[in-house]
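Undergrad: the sequence and its predicted three-dimensional model are supplied below.
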Amino acid sequence: LLGGAVYVSQLVRELDEQRRVAMEASRLKSEFLANTSHELRTPLTAILGFLQLVLEGAVENQEKQREFLQIAHESAEKLLTIINDVLDLAKIEAGRLEVHHAPVQAHKVLENIETLFRHQMKGQGLSFNVIRPPVKVVAWADPDRTVQILTNLLSNAVKFTPRGGQVTVECTAVDGEIRFQVSDSGVGIPPEELEAVFESFHQVDGSTTRRHGGTGLGLTISRRLAEMMGGSLALNSAGTDQGTTARLSLTAYSPEHGTTSG
């Protein structure tokens, strides 16, 4: 009887824990849907509003028209990013997202990243440092997914670093690994949140009225992509207002890998 009572007690605790996990997952998904609806509505409203002004002839100045069209275009790009995040996560969860390995020249990746972000960094009043590795530094990974991960990391750095701050991206080869590192002097992450931010739908500040937008999927997708390529993604921060460092580690290319692989 005593053994049975202990077993039942343990079973009840396990069921309570499973119920707690299920309720937390449900809460996060509900919060995600609310946040995503907000994030989708904002750029869509801007697109429709500015295009309507131009189409109705309310703006006769061509320079002003171009400015409004530029805002609509940027809003459309933001909308596409949100949709792509949701679709990528759905494919990952369903096991239908593929990566295609090939030699990835690190210095070319950083050249592309610098081109993508240089203007944005300047517009946000941030110092942007790109430390390129030697030409011989080559990773074995998916080129497009590697750029996607670094784009997510740098977008976060821009978003969470106040004007006057600094963002640095660099790459090194260490012990058979190619390590891309993105460091910023921004708001930082509390130590207890460093792993939680990789969970689907999780955000350090999850309310729809938070100062920084986003669906909370970028880091989730980035880590999953890194793992699918045989690498890893980790964050480090000393805490609030201490900045954040993200490290993407990928396998170094060797002749044994060949040139292409699925």
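TA: Yep, it's here. Numbering: from 1, shown residues only.

Undergrad: export the helix or strand hosting Thr146 as PDB, just CAs?
TA: Secondary structure assignment for Thr146, by DSSP states H and E: helix 143-159. Taking Å, rounded to 0.1, in the frame of the first residue of the first chain, the C-alpha atoms of helix 143-159 are listed here in PDB:
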ATOM      1  CA  PRO A 143      25.300  29.900 -47.600                       C
ATOM      2  CA  ASP A 144      21.800  31.400 -47.600                       C
ATOM      3  CA  ARG A 145      20.900  30.100 -44.200                       C
ATOM      4  CA  THR A 146      24.200  31.400 -42.800                       C
ATOM      5  CA  VAL A 147      23.400  34.900 -44.000                       C
ATOM      6  CA  GLN A 148      19.800  34.500 -42.700                       C
ATOM      7  CA  ILE A 149      21.100  33.800 -39.200                       C
ATOM      8  CA  LEU A 150      23.600  36.600 -39.200                       C
ATOM      9  CA  THR A 151      20.900  39.000 -40.500                       C
ATOM     10  CA  ASN A 152      18.600  38.000 -37.600                       C
ATOM     11  CA  LEU A 153      21.500  38.500 -35.100                       C
ATOM     12  CA  LEU A 154      22.400  41.900 -36.500                       C
ATOM     13  CA  SER A 155      18.700  43.000 -36.700                       C
ATOM     14  CA  ASN A 156      18.400  42.300 -33.000                       C
ATOM     15  CA  ALA A 157      21.600  44.200 -32.300                       C
ATOM     16  CA  VAL A 158      20.200  47.200 -34.200                       C
ATOM     17  CA  LYS A 159      16.900  47.000 -32.500                       C
END
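
Undergrad: moving C-terminal of that helix, what's the next helix or strand?
TA: Per DSSP H and E, the first helix or strand lying C-terminal to helix 143-159 is strand 166-174.

Undergrad: what angle do that following strand and helix 143-159 make?
TA: With axes from the mean of the first three to the mean of the last three Cα atoms, to 10 degrees defining the directions, strand 166-174 sits at 140 degrees from helix 143-159.

Undergrad: after strand 166-174, next one along is what?
TA: Strand 166-174 is succeeded, C-terminally, by strand 177-184 (DSSP H and E).

Undergrad: ok, residues contacting that following strand?
TA: Contact with strand 177-184 is made by 104, 106, 109, 137-139, 141, 146, 150, 153-154, 157, 160-161, 165-173, 231, 243-253, as judged by Cβ atoms under 8 Å, 6 or more residues apart in numbering. (C-beta placed from N, C-alpha, C; glycine too.)

Undergrad: pull out the buried members of the residues you listed.
TA: For these, a burial check counting by 16 or more other Cβ atoms under 10 Å picks out 104, 106, 109, 137-139, 141, 146, 150, 153-154, 157, 160-161, 165-171, 173, 231, 243-253.

Undergrad: how near is the residue nearest to the spatial centre of the chain to Phe160?
TA: Geometric centre of the chain, nearest residue: Gly218, 2.8 Å, by Cα atoms, centre = their mean. Counting by Cβ to Cβ, to the nearest Å, the gap from Gly218 to Phe160 is 12 Å.

Undergrad: so Leu217 makes contact with Leu89?
TA: Yes. Proximity of Leu217 to Leu89 meets the contact threshold set by Cβ atoms under 8 Å, at 5.4 Å.

Undergrad: Three-state assignment for Arg224, please.
TA: Assigned state for Arg224: helix (three-state reduction, DSSP: H, G, I helix; E, B strand; the rest coil).

Undergrad: that one: neighbouring residues, count only.
TA: Counted with other Cβ atoms under 10 Å, the neighbours of Arg224 add up to 19.

Undergrad: what sits against the closest residue to it other than its chain neighbours?
TA: The shortest distance from Arg224 to any non-neighbouring residue, by Cβ to Cβ, 6 or more residues apart in numbering, is to Ile92 (5.0 Å). Contacts here follow Cβ under 8 Å, 6+ apart; on that basis Ile92 touches 221, 224-225.

Undergrad: just curious, which of the residues you listed is nearest to Val99?
TA: Nearest to Val99 among the contacts of Ile92 is Leu225, at 6.9 Å by Cβ to Cβ.
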